[in-house]
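S.K.: Here is the input, now give the coordinates:
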Amino acid sequence: FLVRSIMEGESSSSSSDTTAHFEVPLIFENPDGWGPISMLASGPVGLPDARFQEIPYAPYSKGDKLGRAADWYSQQAGKGYQGRGYKGGESSLVNNPFAFKYEEDDDSFQVVDNKVAPKPYGHRRQWQQKGAYAQRGGRIVTRGGGAAGAQLTRAGGRGPGGYQQQQSGQTRGRQPANQQGRGGYSGGGRGYQQYGPKAKPRESSVEVLPDWVVMEQIDFLPLTRLGTEKGAPEGPEPVDLVTCGSLEAYNKAYDRVSTVSERPLERTHRTFYGVTTSDDPVIRRLAMEGNVFATDAILAQLMTATRSSYSWDIVVHRVGSKLFFDKRENSEYLTVNETAAEPPSDEKGDPLNAPLALGHEATVINQNYSQQVLHKDAKKEVFQEPNPFANPDEDSSSTGYRYRKWDLGHDVVLVARTELDAVLPDRNGKDVYVTLHALNEYDPKQQGVDYRKKLDMQRGAVLATELKNNGNKIGRWTAQALLAGAEEMNIGFVSRVNVKDSYNHTILGSIFYNTKQFAQQINLNQKNMWAVLRHIIDMCMRQPQGKYVLLKDPNKPLIRLYAVPKDESDEEDASSSAKWTPAAPDQE
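M.R.: Predicted structure coming up:
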């Protein structure tokens, strides 16, 4: 009826030019039911086009919500708007026949700039529900009840959000506070270090020749557990055999040195001796007192081996039923920032702060500091015998040698040479033996602490940073002091006058520590020390007679024992007259 009335109105008004024209479209009626008619394009004019014949029926859900009129995002994401408040993350891709498909051949397309585009920092985030989300750097937010304020503590991450926000009460977070989130500084995942160049493998302290044979290998993890079991034996008591040399008194005026009243570090011209075990005339004389011989520096290196990161080596001589531990000549240089998160590297292109240059600088600083803080006009304490390595016309350093013996049980007797640096008059009138060491600052920006800003007011924070950066070096100093029987340890803090000058230094302060209490403070377990040493001694005792090299792997936490052929001579053996004097400025 509507169509007929429209057509009649159009015919009656066709004579008028002002009437709008309207053409009635062709309407097809389906007599069989509801829906489109099944007619082909070859029928009457106006029937459906043939291009729509092969399109299948596309199911759909009436519950789907249309997010946008043209949804370009869902085709790329693959999950529609799931997670943004929209339902049907998969149903939005059901109408695939209507989706746009790009079928043009791109074989002829060439990229002019094939450089990989850098990924933006923090380009991926992993979201967690139930009140916690993990970000790069280990940020964790945990919720608890019963407290209004939140506490910020470090979670170990170095990236953005490397803190942990934790409210008091029961914690609901799934991740412990001491673990890092995705890509934390040392954790797995995509940390920010992966975007930079990979660290170059460290070099071994000694070249491993092809004819060297690996006899045994020790991992650090089992060594850390030795001596920690219940009922583990205590360390053996030492027995003094011979004392040699002389000690000067410590100058207490250096206790008042601070960042305000600093003192320049003076260069000493005294001679320091680095005689190895096999060339020590006193140890040769005491060869019948034991069957294992070493120095305190070698024993400390073995006792604290699990703290080391750099490569080191010790020469082992198995002669009959006796065992001698030796060091190569000029191989006892100190390390700097060995255990830091970013230790010094040769790759930075700064020869002044290269690991070898810093080690030489630290060794010179310790030599100079140990002689400057002495009271040279005070009375010396002279031991039983003179210095066995010094010539009468030489100005030797203030060093006292104590040759001591320890019975380790099971027919193992250790004889070692230990060293003392000074004597300190006690308040009760009793002299106290002291070891002197110095921590040096070469660049506050790289080391993470500024001596001049924090040493006077936050000395504990400075020491904590040094324990993190130089844990192995400080542990070795403590072990040497325990072996020598030194009641006190003096640690000085020395810094460069100028960051670019590695020759001129200044003393900014010093502090005394009780040796045994300091060992507990740095978590140095004496039971573990002696258990590790005994384990290494037993391993070497099982080998046949010959020469061996105990080498710390430069890139892995393990120690290997190499057998050296008999016909191979060691070119770096120390001579009986081995001595070392601080180098001149032009030689450094």
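
S.K.: measure stretch 505-524 end to end?
M.R.: With Cα to Cα, to the nearest Å as the measure, stretch 505-524 spans 30 Å from end to end.

S.K.: Could you pull out the buried residues of it?
M.R.: Within stretch 505-524, the residues that count as buried by 16 or more other Cβ atoms under 10 Å are His505, Thr506, Ile507, Leu508, Gly509, Ser510, Phe512, Tyr513, Thr515, Phe518, Ala519, Leu524. No exception for glycine: its C-beta is placed from N, CA and C like everyone else's.

S.K.: One more: stretch 533-542?
M.R.: Leu533, Arg534, Ile536, Ile537, Met539, Cys540, Met541.

S.K.: again, but for stretch 465-472
M.R.: For stretch 465-472, the neighbour count (16+ other Cβ under 10 Å) marks Thr465, Glu466, Leu467, Asn469, Asn470, Gly471, Asn472 as buried.

S.K.: Tell me which entries of those lie within helices.
M.R.: Members of the buried residues of stretch 465-472 lying in helices (criterion: DSSP state H): Thr465, Glu466, Leu467, Asn469, Gly471, Asn472.

S.K.: can you list the weak-confidence ranges in the stretch 201-350 of the chain?
M.R.: Residues of the stretch 201-350 of the chain meeting the criterion pLDDT under 70: none.

S.K.: For it, which segments count as strands?
M.R.: For the stretch 201-350 of the chain, the strands defined by DSSP state E, counting those that start in this stretch cover 213-219, 239-247, 249-250, 263-264, 272-273, 292-295, 313-319, 322-326.

S.K.: among the ones you listed, which is nearest Lys556?
M.R.: strand 213-219 (8.7 Å; Cβ to Cβ).

S.K.: name the helices or strands packed onto the closest one?
M.R.: Contacting strand 213-219 under the criterion 3 or more Cβ pairs under 8 Å, 6 or more residues apart in numbering; DSSP states H and E are the following elements: helix 526-541, strand 558-564.

S.K.: Next, format these as JSON lines and append distance to Glu237 and mean pLDDT.
M.R.: Output for the helices and strands packed on strand 213-219, formatted as JSON lines (distance: least, Cβ to Cβ, whole Å; pLDDT from 0 to 100):
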{"stretch": "helix 526-541", "distance to Glu237": "11", "mean pLDDT": "94"}
{"stretch": "strand 558-564", "distance to Glu237": "28", "mean pLDDT": "94"}
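
S.K.: And the buried residues of stretch 505-524, which is closest to Ser311?
M.R.: Taking Cβ to Cβ as the measure, Ser311 sits nearest to Leu524 out of the buried residues of stretch 505-524, at 21.9 Å.

S.K.: Who are the packing partners of the helix of greatest length in the chain?
M.R.: When the chain is parsed with DSSP H, its longest helix is helix 355-372. With contacts taken as 3+ Cβ pairs under 8 Å, 6+ apart, helix 355-372 sits against strand 431-441, strand 488-496, strand 505-514.

S.K.: one step back: could you let me know which of the buried residues of stretch 465-472 ends up closest to Ser311?
M.R.: Asn472 (12.1 Å).

S.K.: Quick check: nearest residue in space to that closest one, chain neighbours excluded?
M.R.: Spatially, and ignoring its direct neighbours in sequence, Asn472 is nearest to Arg307 (4.1 Å; Cβ to Cβ, 6 or more residues apart in numbering).

S.K.: can you pull the contacts of the nearest residue to Arg459 once chain neighbours are set aside?
M.R.: Leaving aside its sequence neighbours, Arg459 sits nearest to Ile511 (Cβ to Cβ, 6+ apart; 6.8 Å). Contacts for Ile511 (Cβ atoms under 8 Å, 6 or more residues apart in numbering) come out as Arg459, Asn490, Ile491.

S.K.: And these, which is closest to Asp377?
M.R.: The closest of these to Asp377 turns out to be Asn490 (Cβ to Cβ; 19.3 Å).

S.K.: Of all the strands of the stretch 201-350 of the chain, which one comes closest to Leu414?
M.R.: strand 292-295 (4.7 Å).

S.K.: Could you list every helix and strand in contact with the closest one?
M.R.: If you count contacts as 3+ Cβ pairs under 8 Å, 6+ apart, strand 292-295 packs onto strand 322-326, strand 412-420.

S.K.: quick revisit: and the buried residues of stretch 465-472, which is closest to Gly359?
M.R.: Closest to Gly359 out of the buried residues of stretch 465-472 is Asn470 (11.6 Å), distances taken as Cβ to Cβ.

S.K.: For Lys516, grab phi and psi.
M.R.: phi -70, psi -40 (degrees, to the nearest 10).

S.K.: residue contacts, it?
M.R.: With contact taken as Cβ under 8 Å, 6+ apart, Lys516 is in contact with Leu482.

S.K.: So it versus Trp212, what's the distance?
M.R.: Separation of Lys516 from Trp212 (Cβ to Cβ, to the nearest Å): 40 Å.

S.K.: Could you do Leu286 as well?
M.R.: In this view, Leu286 and Trp212 are 31 Å apart by Cβ to Cβ.

S.K.: repeat for Ile537
M.R.: From Ile537 to Trp212 the distance is 21 Å (Cβ to Cβ).

S.K.: returning to what we had before: could you list every residue that touches the residue nearest to Asn472?
M.R.: Counted by Cβ under 8 Å, 6+ apart, Arg307 has contacts Thr339, Gly471, Asn472, Gly475.

S.K.: swap in Ile522?
M.R.: Leu467, Gly471, Ile474, Gly475, Thr478.
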